[in-house]
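Trainee: What follows is a protein structure lacking sequence information:
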C-alpha cells in the first residue's frame, strides 16, 4: 500500500494560516511569516528562478518532500481561486502548461469535470465524492510510491480525521499568530495516534516527523 | 536582571492538560500521557526514590531545569488543593517539611498569609497583587540567578500575556488530546515574539527552546 503523507508549516500556537483569509491574502493576516524559514533557501530560490541563497539543515528536508511521490491530492482552493461551476473556459491551475508535480493530482471539488492532462506528466483528476475516495484513487495511481497531500490545510485535516494519514511532517516555527486556522481541530473520535520519528533543528524552524501507530 | 523562564509539556495539538480537570484528576482526561516521556528517566525515578531507569537526551534537559534558579513563582492550585481562605491550620504544601525547591517560592493567591519558612532554604511567600508583582519580587530575591515559573499553566500564560517571559522550553510530545487547556491562548495584543534557540530530539519528546526578542 502507498504511504499517505503531508507536510505543513505550523506556528508555535498551532495555526497553519492567520485570520481573515481572502483571495488577496490566502494565508490570512500574518500568515506569510509562517514561511520565512523557506525563502532564504537556495533550493526555494532556484525553484523560483532566483540565484544564490542558503544551504542549511532545511535543505534535505525540502528535497525529501517531493521524493518518491507517485500521486497527489489537493483541495479545490489550492487548485485555483475560482468557486462554483467550472464554466466554459475552465481554470487550468496556477502553474502554466508544465506544472511542477509530474504525477496525477486528485483535486477535491463539488463540481464534476473531465481530467486535465498537462505537460510533464501532471494530470489533474477531479474527484467529487470526498477525501476517502480521492486518497483511494491516488493510492491506486501511486502504486508502490507515496501519496502526498499537497494542501491546503483543510484537506490535511479531513485526511487526519479520516485516519488516513500515515506520515506527517510539521515545520514548527517560533511564531505566535494568536488567531487563524488550526490544523489539529475537529479531528473526530477516536483521535489518530502518532509516534515521533525524528526532529531536525534548522534556522528558524524545527522539522518534526510523525508516523501513525493506529 | 534575572531571566524569567518556564518549561512545560505540551501535546502536538497545543494542550498542557486534558479536559475536565478536577482535584482527583489534576491533568484532566488523558493529560497524564503528556508526561510519559519523563517517567522512564533514571533522573525522575531517583527523585521519587526508585532505582534504575534510562539516561537519554532528555536527561541533561531535566538537569538544566533546576540549574541556576534563585527564586520561583507558582499558582495557588499548584501549591495545594485547598480553595478560599487559609483557615486556622493552613496547608503547608505537598512536599513535606523539606520541599525540593531550596529557594524562595512566590505563590499567587487571593488570600493574604504570612511567609512560610520550610527546611532546606525553601520559603513560600504569598502574593496577592498579581503576576507582575510576583515576578518582580521573585526577580529581586533571585539576584543574578533565574526566576523559574514552576506552574501551573495558568501562571505561565499570565506571564506570557504580561510579556514577562524571557525564555521558555516546550517539551512537545506526539500526542493529540483533542480538547483541554491550551498554553497559547488569550495572550493579548501585541503578542510576544520569540526566536528559536535550540531543538533537541529525545525519545517520545522534542525539547524546544525559545527566547523573547521583544
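Mentor: Looks like it came in fine. Worth saying up front: this structure is predicted, and the values here are computed from it rather than measured.
Trainee: what's the burial count for residue A:54?
Mentor: Other residues lying near residue A:54 total 14 when counted by other CB atoms under 10 Å in any protein chain shown. To be clear about C-beta, it is placed using only N, CA and C from the backbone, and glycine gets the same treatment.
Trainee: count of residues packed around the nearest residue to it once chain neighbours are set aside?
Mentor: Take residue A:54 and drop its neighbours on the chain: the residue closest to it by CB to CB, 6 or more residues apart in numbering or on different chains is residue A:40, 4.8 Å away. Residues within reach of residue A:40, counting by other CB under 10 Å, total 15.
Trainee: OK, contacts around residue A:40?
Mentor: With contact set as CB atoms under 8 Å, 6 or more residues apart in numbering or on different chains, residue A:40 has these partners: A:53, A:54, A:203.
Trainee: buried ones in the helix ranked longest in chain A?
Mentor: Secondary structure assigned by DSSP state H gives helix A:131-142 as the longest helix of chain A. Within helix A:131-142, the residues that count as buried by 16 or more other CB atoms under 10 Å in any protein chain shown are A:131, A:134, A:135, A:136, A:137, A:138, A:139, A:141, A:142.
Trainee: List just the nearest of those residues to residue B:108.
Mentor: residue A:131 (46.3 Å; CB to CB).
Trainee: Next one: the closest residue in space to that closest one that isn't next to it in sequence relative to residue A:151, how far apart?
Mentor: Spatial nearest neighbour of residue A:131, excluding adjacent residues (CB to CB, 6+ apart): residue A:158 at 4.3 Å. Applying CB to CB, to the nearest Å, the value for residue A:158 to residue A:151 is 12 Å.
Trainee: Give me the more crowded residue out of the two.
Mentor: Using other CB under 10 Å as the criterion, residue A:158 and residue A:151 rank with residue A:158 on top: 22 against 18.
Trainee: and the angle for the helix or strand that one falls within with helix A:131-142?
Mentor: Using DSSP states H and E, residue A:158 sits within helix A:153-161. Helix A:153-161 and helix A:131-142 meet at an angle of 90 degrees, taking axes from the mean of the first three to the mean of the last three CA atoms, to 10 degrees as the criterion.
Trainee: And helix A:153-161, what does it pack against?
Mentor: Contact here means 3 or more CB pairs under 8 Å, 6 or more residues apart in numbering or on different chains; DSSP states H and E; on that basis helix A:153-161 packs against strand A:4-11, strand A:69-75, helix A:131-142, strand A:146-151.
Trainee: among these, which is nearest residue A:92?
Mentor: Nearest of the helices and strands packed on helix A:153-161 (CB to CB): strand A:69-75, 14.3 Å.
Trainee: what sits up against that closest one?
Mentor: A:2, A:101, A:103-108, A:131, A:134-135, A:138-139, A:141-152, A:154-155, A:159.
Trainee: got it, and stretch A:80-96?
Mentor: A:23, A:79, A:99, A:101, A:111, A:113, A:116, A:118, A:122, A:124.
Trainee: what helix or strand is the closest residue to residue A:189 other than its chain neighbours on?
Mentor: Leaving aside its sequence neighbours, residue A:189 sits nearest to residue B:178 (CB to CB, 6+ apart; 7.4 Å). Residue B:178 is part of no helix or strand when elements are defined by DSSP H and E.
Trainee: so how far is residue B:14 from residue B:178?
Mentor: Residue B:178 sits 11 Å away from residue B:14, going by CB to CB.
Trainee: Name the residue in these two with the higher neighbour count.
Mentor: residue B:14 (25 against 20).
Trainee: What pLDDT is listed against the residue located most distally from the centre of chain A?
Mentor: Ranked by distance from the centre of chain A (CA atoms, centre = their mean), the top residue is residue A:88, with 28.3 Å. Listed pLDDT for residue A:88 reads 86.
Trainee: if I look at it, how far off is chain B?
Mentor: Going from residue A:88 to chain B by CB to the nearest CB, to the nearest Å gives 44 Å.
Trainee: did I read that right, that residue in a strand?
Mentor: No. If the criterion is DSSP: H, G, I helix; E, B strand; the rest coil, then residue A:88 is coil and not within a strand.
Trainee: in which helix or strand would I find residue A:169?
Mentor: If you go by DSSP H and E, residue A:169 is part of strand A:167-173.
Trainee: so what pLDDT did the nearest residue to residue A:105 once chain neighbours are set aside get?
Mentor: Of all residues not flanking residue A:105 in the chain, residue A:72 sits nearest, at 4.3 Å (CB to CB, 6+ apart). If you check residue A:72, the pLDDT there is 97.
Trainee: cool, residue A:133 as well?
Mentor: At residue A:133, pLDDT is 97.
Trainee: The one 3 residues further on now?
Mentor: Reported pLDDT at residue A:136 in the predicted model: 96.
Trainee: Then residue A:170?
Mentor: 98.
Trainee: cool, and residue A:153?
Mentor: pLDDT, residue A:153: 88.
Trainee: Please name the residues that touch it.
Mentor: So residue A:153 contacts A:8, A:16, A:17, A:181, A:183 (CB under 8 Å, 6+ apart).
Trainee: now the closest residue to the fourth one other than its chain neighbours: how far from residue A:203?
Mentor: The reference is to residue A:181. Leaving out its chain neighbours, the residue that sits closest to residue A:181 by CB to CB, 6+ apart is residue A:17, at 4.2 Å. For residue A:17, the distance to residue A:203 equals 22 Å [CB to CB].
Trainee: More neighbours: which of those two?
Mentor: Set side by side, residue A:17 and residue A:203 show more neighbours around residue A:17, with 27 against 13, by other CB under 10 Å.
Trainee: wait, that one sits on residue A:180?
Mentor: Yes. Residue A:17 is within contact range of residue A:180, at 5.2 Å (criterion: CB atoms under 8 Å).
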